[in-house]
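Chemist: Dropping the sequence and predicted coords here.
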Amino acid sequence: MTSIPTCARALVAALAVAALAACAGNSGTIPPAQSAGAPLSRLAPQAAVLAPCSGQKSEKTYARDAAQLSTKGGSLCIPTFGGFGGSLEYPSADPSIHATLISSTTNYTKNLPSLGSGTPLFYLQIALSGATTFGTDVPAGGGLVGKTIVPGQTYTALGQVSADGITEPLPGCYLKAGKSAFGGSIGGLGSLLKGQNVPVALQGIIEIYPGKHASAKC
């Protein structure tokens with residue numbers, strides 16, 4: 001069986017870390033995007049409550065946002081849901097492609113994979129519409145924040161990627177949470193996106209677990 005190209009796995013592995021660093025429908029897949037994605041909101045450190053992404057579509061069990069990646073790089077808003085949110089800083093993308101992100105706190109489709117032991121604190125589904133190459137300049141900042149993330153405690157990101165009907169697991173990693181105006185913050189490694197090559201359209205899912213469930217540190 002043909003495997004997913006290594007560079008595609010590497011990219012979503014980087015996104016998995018970036019969910020920590022920066023962190024529908026049936027059969028566990030991402031539903032079609034409903035909007036083209038307006039400029040995305042950034043965190044407001046002085047605010048006590050997370051604002052939704054500017055183009056966000058919120059449902060009872062998940063929230064979705066979509067955007068066109070810039071050839072100059074920029075920030076992807078993590079859809080605000082269940083007290084979680086934040087942003088993912090990314091380098092230039094050539095050519096520009098479409099990205100869709102879905103946040104949830106439950107296995108709302110009943111078909112999302114169980115990647116670790118216990119119950120995930122947060123799920124982030126990611127879909128990239130086609131091939132692109134990321135540059136090497138990554139903006140500073142970004143992070144997954146949430147009122148139930150406890151500063152100083154350890155969290156683990158586990159994930160998998162699917163392309164052309166093939167699904168493969170991603171290596172996980174763990175990280176200690178910091179502080180933010182919105183509660184705890186998990187961030188610091190968005191630079192792993194730099195230089196990554198994506199050869200095909202793909203879908204991935206990242207699950208955030210309390211505790212240490214991987215041997216590698218983010």
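Modeler: Alright, I've got the coordinates. Residues are numbered from 1 along each chain as shown.
Chemist: Could you look up the SS state of residue 113?
Modeler: Per DSSP: H, G, I helix; E, B strand; the rest coil, the local secondary structure of residue 113 is coil.
Chemist: Against residue 168, how distant is it?
Modeler: Remark: distance between residue 113 and residue 168 (CB to CB, to the nearest Å) = 12 Å. Every residue, glycine included, has its C-beta placed from N, CA and C.
Chemist: What of residue 71?
Modeler: Distance, residue 71 to residue 168, using CB to CB: 29 Å.
Chemist: quick revisit: neighbour count: residue 113 and residue 168, which is higher?
Modeler: Neighbour totals were compared for residue 113 and residue 168, and residue 113 leads with 16 against 13 (other CB atoms under 10 Å).
Chemist: ok, residue 214 - contacts?
Modeler: Residue 214 makes contacts with 156-158, 171-174, as judged by CB atoms under 8 Å, 6 or more residues apart in numbering.
Chemist: again, 7 Å this time
Modeler: Residue 214 makes contacts with 156, 158, 172-174, as judged by CB atoms under 7 Å, 6 or more residues apart in numbering.
Chemist: Can you get me a residue count around residue 123?
Modeler: The number of residues packed near residue 123 is 26, by other CB under 10 Å.
Chemist: Please tell me I have it right and it contacts residue 207.
Modeler: Yes. Assessed by CB atoms under 7 Å, residue 123 is found in contact with residue 207 at 5.6 Å.
Chemist: before we move on, the earlier item: name the pair among the contacts of residue 214 with the greatest separation in space.
Modeler: For those, the maximum inter-member distance is 9.8 Å, found between 158 and 174 (CB to CB).
Chemist: Just want to know which of those two has more residues nearby.
Modeler: residue 158 (23 against 19).
Chemist: what pairs with that one across the strands?
Modeler: Using DSSP bridges, the bridge partners assigned to residue 158 are residue 207.
Chemist: For residue 113, see how far away it is.
Modeler: From residue 158 across to residue 113, the span is 9 Å (CB to CB).
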